[in-house]
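Undergrad: Predicted model, plus sequence, below.
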Amino acid sequence: MSQTKTKPAGRIKGSVLKWLGVPIALTDTDFWSAYLGGGSFTGRRVTVDAALQLATVWACVRLLSETIATLPLGFYEKLADGSREPATAHPLYDLLHNQPNADMTAVQFWEAIIASMLLWGNAYIEKAKIGKRIVALNFLHPGRMQKRRLLSGAMEYNYRDLDGSQRTIAEGDLVNIPAFSLDGVNGLTPMSYGANVFGAAMATDEASSKVFSSGMRAAGFVKVTGTLKKDQREDLRASIKQFAAGGPEAGNVMVLENDSTYQQLTMNPGDSQMLESRSFNVEEMCRWFRVPPFMVGHSANSTNWGTGIEQQMIGFLTFSLRPWLTRVEQAIRKSLLSPGERSKFFAEFAIEGLLRADSAARAEYLAKMTQNGLMTRNEGRAYDNRAPLAGGDELTVQSNLVPLTMLGKITSTAGAAKNALRQWLGIKNDEDNDET
């Protein structure tokens, strides 16, 4: 593995800070840009951690990453007749399908990979090798990765480990999966480009929290006769504040002196369009992740994807999941297979896994596959985690459910029997007597 370790950059006295116990140099521009986030019109810095505190961002990221991570990822070998079979003997089969490394299951690994692309715009996987054999796939946090194009045209990746040390990883030892990109190499970071959308949602949440913390009552004013001195004014303000919503004396009787009158201001959340703003922010953030709002619990408007669950699932699979699935499948082919293996082996997500929770749709799918000669009954039983049965390895069709290999024999036998019956009855073998 072509790696070189160096001491953490910028270890000059007073120039290194520690974040979660990890030394961070002041010159580490990638870290500080990710930590400070992108600026927004609201003045708030939008970071990954701050954005994940928004319920919609959390729901969108979880929906996409968990759904994709729980889809079975198969690794197959193309056969000479055009069919395929699981390449269980290949070293990548177990790494992709079951456990990529010692710390993660396949679900945890692919969940982190998809979340990295959704939040940082890039995902990185390091290939651990013994000789030329890949023995593990290790997840690398995108917030600690720096990359640049060398004059030779190769990409150089510099990664900061948890102990703060920097090491260079060769391009051949790394898998880089960019999300939406303008150059095909560097994925765009949603937290930077969508800072105004996420920042506005943060500001709206903060404003609504302040309203509800004060019992949905705005501040008021006090009318007094005459002019108060500064200290009298401050004493009166402090006294009134104790009885306001959230104060220690809230709910008790307020006593005002010297013809003082307290007038509370009222505010209707509907008039201030706060509820509409929060609803609009949900839809805006869903657009950034290409997730239909109804799938994250936002049911203010009905979906126009059709009324049936099947149509909604087809739309979600086509427009939301499919681009991410294809990115991962092609990255596996490009970076984990040698040029000689790419024409023979391939990885593919089994989207039929989405039917696992729908028993009716699952049963209908298996029935159509087995009754139309596309799948044997034992293959269908294996798909449903059932043991094979004797005689279940033949392909059948819906017409009498006979094996495909017996169709010609059965047809010729039936024709011969029909002609023999005609001869015994003395019926001529012509089209006029065919009905008889």
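TA: Structure received.
Undergrad: Tell me the span between the first and last residue of stretch 178-188.
TA: 8 Å (CA to CA, to the nearest Å).
Undergrad: contacting residues around stretch 49-67?
TA: Residues from elsewhere that reach stretch 49-67, judged by CB atoms under 8 Å, 6 or more residues apart in numbering: 37, 44, 110-112, 114-115, 118-119, 191, 198, 201-202, 205, 281-282, 285-286, 288-289, 291, 295-298, 320-321, 324, 354. Just so you know, the C-beta spots here come from the backbone N, C-alpha and C atoms, and that holds for glycine as well.
Undergrad: Let's see that with 6 Å instead.
TA: The contact list for stretch 49-67 (CB atoms under 6 Å, 6 or more residues apart in numbering) reads 111, 114-115, 118, 191, 198, 201, 282, 285, 289, 291, 296.
Undergrad: closest to Gly82 among these?
TA: Ile114 (31.2 Å; CB to CB).
Undergrad: is it fair to say the closest one lies in a helix?
TA: Yes - counting by DSSP: H, G, I helix; E, B strand; the rest coil, Ile114 falls inside a helix.
Undergrad: So what's the residue count around it?
TA: 25 (other CB atoms under 10 Å).
Undergrad: Is it correct that it is in contact with Leu73?
TA: No - counting by CB atoms under 6 Å, Leu73 is not a contact partner of Ile114; they are 11.8 Å apart.
Undergrad: On the pLDDT front, check Phe317 for me.
TA: No Phe there; residue 317 is Leu. As predicted, Leu317 sits at a pLDDT of 85.
Undergrad: For it, grab phi and psi.
TA: phi -70, psi -40 (degrees, to the nearest 10).
Undergrad: list the buried ones in stretch 69-77?
TA: Residues of stretch 69-77 classed as buried: 69, 71, 73-77 (neighbour count, 16 or more other CB atoms under 10 Å).
Undergrad: from those residues, which is closest to Leu182?
TA: Nearest to Leu182 among those: Ala69, at 27.2 Å, using CB to CB.
Undergrad: residues contacting the closest one?
TA: Counting by CB under 6 Å, 6+ apart, Ala69 makes contact with 107, 110-111.
Undergrad: when you check those against the helices, which ones overlap?
TA: Per DSSP state H, helices hold the following members of those: 107, 110-111.
Undergrad: quick one: Gln55 and His298, what's the gap?
TA: No Gln there; residue 55 is Ala. Look at Ala55 and His298: by CB to CB, to the nearest Å, they are 10 Å apart.
Undergrad: The two: who's more crowded?
TA: A direct count of neighbours by other CB under 10 Å for Ala55 and His298 places His298 higher, at 18 against 15.
Undergrad: Tell me which helix or strand the residue nearest to that one when sequence neighbours are not counted sits in.
TA: Leaving out its chain neighbours, the residue that sits closest to His298 by CB to CB, 6 or more residues apart in numbering is Val282, at 4.8 Å. Of the helices and strands defined by DSSP states H and E, Val282 is found in helix 274-289.
Undergrad: Which elements pack onto that helix?
TA: helix 55-69, helix 195-213 (3 or more CB pairs under 6 Å, 6 or more residues apart in numbering; DSSP states H and E).
Undergrad: do that again at 10 Å, thanks
TA: With contacts defined as 3 or more CB pairs under 10 Å, 6 or more residues apart in numbering; DSSP states H and E, helix 274-289 has these neighbours: helix 55-69, helix 106-119, helix 190-193, helix 195-213.
Undergrad: can I get these in JSON lines with mean pLDDT and distance to Pro86?
TA: Shown next, in JSON lines, are those (pLDDT from 0 to 100; distance: least, CB to CB, whole Å):
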{"stretch": "helix 55-69", "mean pLDDT": "94", "distance to Pro86": "20"}
{"stretch": "helix 106-119", "mean pLDDT": "96", "distance to Pro86": "15"}
{"stretch": "helix 190-193", "mean pLDDT": "86", "distance to Pro86": "36"}
{"stretch": "helix 195-213", "mean pLDDT": "75", "distance to Pro86": "42"}
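Undergrad: and among the ones you listed, the most buried is which?
TA: Among these, helix 106-119 has the highest mean neighbour count (mean count of other CB atoms under 10 Å), at a mean of 22.
Undergrad: ok, then the element right after that helix?
TA: Downstream of helix 106-119, the first helix or strand assigned by DSSP H and E is strand 122-130.
Undergrad: Sheet partners, orientation included, of that next one?
TA: strand 133-140 (antiparallel), strand 174-178 (antiparallel) (DSSP bridges).
Undergrad: Pretty sure Glu352 sits in a helix.
TA: Yes - checked against three-state DSSP, Glu352 lies within a helix.
Undergrad: I'm done for today, thanks for sticking with me.
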